[in-house]
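In: Model the structure of this input:
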Amino acid sequence: MLVLGVTLVIFLVVAGLLLYALIRFRSRPEDSDREPAQIYGSNQIEVSWTVIPILIVVTLFLATTRVILGTQAIPKPDSAINITVIGHQFWWEYRYPQLGVVTANELHIPISDSAHPTPTYLTMSSADVSHSFWVPRLAGKTDVIPNKINTMWIDPTQPGLYLGQCAQYCGTQHAKMLLRVYAQTPADFAAWVDQQRQPAVQDFEGNAIAAEGEAVFMRNACINCHAVSGTVATGRFGPDLTHLASRDTIASGAIQNNAGNLRKWIDDPNSMKPGALMPAMHLNDHDLDVITAYLTQLR
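Out: Numbering: from 1, shown residues only. Have a look, this model is predicted:
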């Protein structure tokens, strides 16, 4: 409110002076044959428009510093949720070390209130180039930089979906490196955590296509980049797929997660997200069908 008040006063003064000059010194027919009076400087005006902006900047600097220091001095409560955020080209990895959960692209956090504060503390770094974590309705942006740890905390009080964006150009698909933060009630968050802790589906009784898809998945290069808990797939270069089917989107929030889109993505990611680092798998139609059936069971 202080910044808004100061800038509003500046706007009114500048706009008022401009309006006065436009009306008072507008062109008149009798002025066409002579030049206006030539005025060369004014010490008083020059001192004023130097000193006043300096005072304004110092005031805003001190006010901003007070808010920043006050925010940083807030102690971290024991009830805080700790999440490790890792930026990749072009997706987000989320690890919950306290809870034993690893997921990708869709961040789930609990809401809190003053009586039971449950803020979420994010410890962020990058696996490749510079990224920036920015969810405007939750907090300001924080850069995600290789070989450096940055931290921030968010504390939503209303459940809902909060959308964000990587705010630092990180390559060809920077614009589609989206953020989706699901703020949930404590009960819903606990249910989500319990689901994410479960191993991948192992029993495909009655679904022979999904069972065949698991076999095809495990004998292809998929397992070099992706992990599926409880299986031989332990890759870490790409997103963890253990509960892929429970996510609303794929491709870092850019594409709705359904069987048709998932099949197209497996076949050739660059046809849907040019510049994606996942290569085209060049699978035949049968293998595409069974792998898609397998992945859609991973809830």
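In: and stretch 131-148, how far out from the chain's middle?
Out: Averaging C-alpha positions (Cα atoms, centre = their mean, to the nearest Å) puts stretch 131-148 7 Å from its chain's average.
In: wait, I meant stretch 63-80
Out: Its chain's C-alpha centre and that of stretch 63-80 lie 22 Å apart, by Cα atoms, centre = their mean.
In: Quick one: residues in contact with that stretch.
Out: With Cβ atoms under 8 Å, 6 or more residues apart in numbering as the test, stretch 63-80 has contacts from 2-3, 112, 116-121, 153. No exception for glycine: its C-beta is placed from N, CA and C like everyone else's.
In: So for those, which is the shakiest by pLDDT?
Out: Ranked by pLDDT, those bottom out at His116 (82).
In: From Leu17, how far off is that one?
Out: Look at His116 and Leu17: by Cβ to Cβ, to the nearest Å, they are 53 Å apart.
In: now the contacts of stretch 63-80 in TSV, with distance to Pro274?
Out: Compiled in TSV, the contacts of stretch 63-80 are given as follows (distance: Cβ to Cβ, whole Å):
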residue	distance to Pro274
Leu2	45
Val3	41
Ser112	40
His116	45
Pro117	43
Thr118	40
Pro119	38
Thr120	33
Tyr121	35
Trp153	35
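In: Who wins on neighbours among those?
Out: Counting neighbours by other Cβ atoms under 10 Å, Thr120 comes out on top of the contacts of stretch 63-80 with 23 neighbours.
In: OK, contacts around that one?
Out: Contacts here follow Cβ under 8 Å, 6+ apart; on that basis Thr120 touches 80-81, 83, 109-110, 153-155.
In: Phi first, then psi, for Gly213.
Out: phi -60, psi -40 (degrees, to the nearest 10).
In: So it is in contact with Leu298, correct?
Out: No: here Gly213 does not reach Leu298: they are 10.3 Å apart, not a contact under Cβ atoms under 8 Å.
In: Which one of the two is surrounded by more residues?
Out: Neighbours were counted for Gly213 and for Leu298 using other Cβ under 10 Å; Gly213 has more, 23 against 19.
In: Can you give me the distance of the more buried one to Leu283?
Out: Counting by Cβ to Cβ, the gap from Gly213 to Leu283 is 11 Å.
In: Over to Leu178?
Out: Taken as Cβ to Cβ, the span from Leu178 to Leu283 is 27 Å.
In: Ser130 now?
Out: Here the criterion is Cβ to Cβ. By it, Ser130 lies 34 Å from Leu283.
In: need the contact list for Leu163.
Out: Neighbouring residues of Leu163 by Cβ under 8 Å, 6+ apart: 135, 178-181.
In: Then Cys166?
Out: Going by Cβ under 8 Å, 6+ apart, Cys166 touches 87, 90, 131-134, 174, 177-179.
In: go with 6 Å
Out: Applying Cβ atoms under 6 Å, 6 or more residues apart in numbering to Cys166 gives the contacts 131-132, 174, 177.
In: Count the residues that sit near the closest residue to Ala251 other than its chain neighbours.
Out: Spatial nearest neighbour of Ala251, excluding adjacent residues (Cβ to Cβ, 6 or more residues apart in numbering): Lys273 at 5.0 Å. By the measure other Cβ under 10 Å, the count of residues near Lys273 is 20.
In: Assign a three-state SS to Lys273, would you?
Out: Recorded secondary structure, Lys273: coil (DSSP: H, G, I helix; E, B strand; the rest coil).
In: Begin at 8, not 1, for the rest of this chat.
Out: Got it, the first residue is 8 from now on, which makes the last one we talked about Lys280.
In: What ranges does the stretch 8-157 of the chain have for its strands?
Out: Under the criterion DSSP state E, counting those that start in this stretch, the stretch 8-157 of the chain carries strands at the ranges 88-95, 98-103, 108-111, 113-117, 127-133, 138-141, 149-151, 157-161.
In: Comparing those strands, which comes out most buried?
Out: strand 138-141 (a mean of 24; mean count of other Cβ atoms under 10 Å).
In: Check the gap between the residue lying closest to Glu221 once chain neighbours are set aside and Leu251 for me.
Out: Leaving aside its sequence neighbours, Glu221 sits nearest to Tyr301 (Cβ to Cβ, 6+ apart; 4.8 Å). Shown here: Tyr301 relative to Leu251, a distance of 10 Å by Cβ to Cβ.
In: This protein: helices as residue ranges?
Out: For the chain, the helices defined by DSSP state H occupy 9-31, 50-79, 193-204, 215-226, 229-232, 266-274, 292-302.
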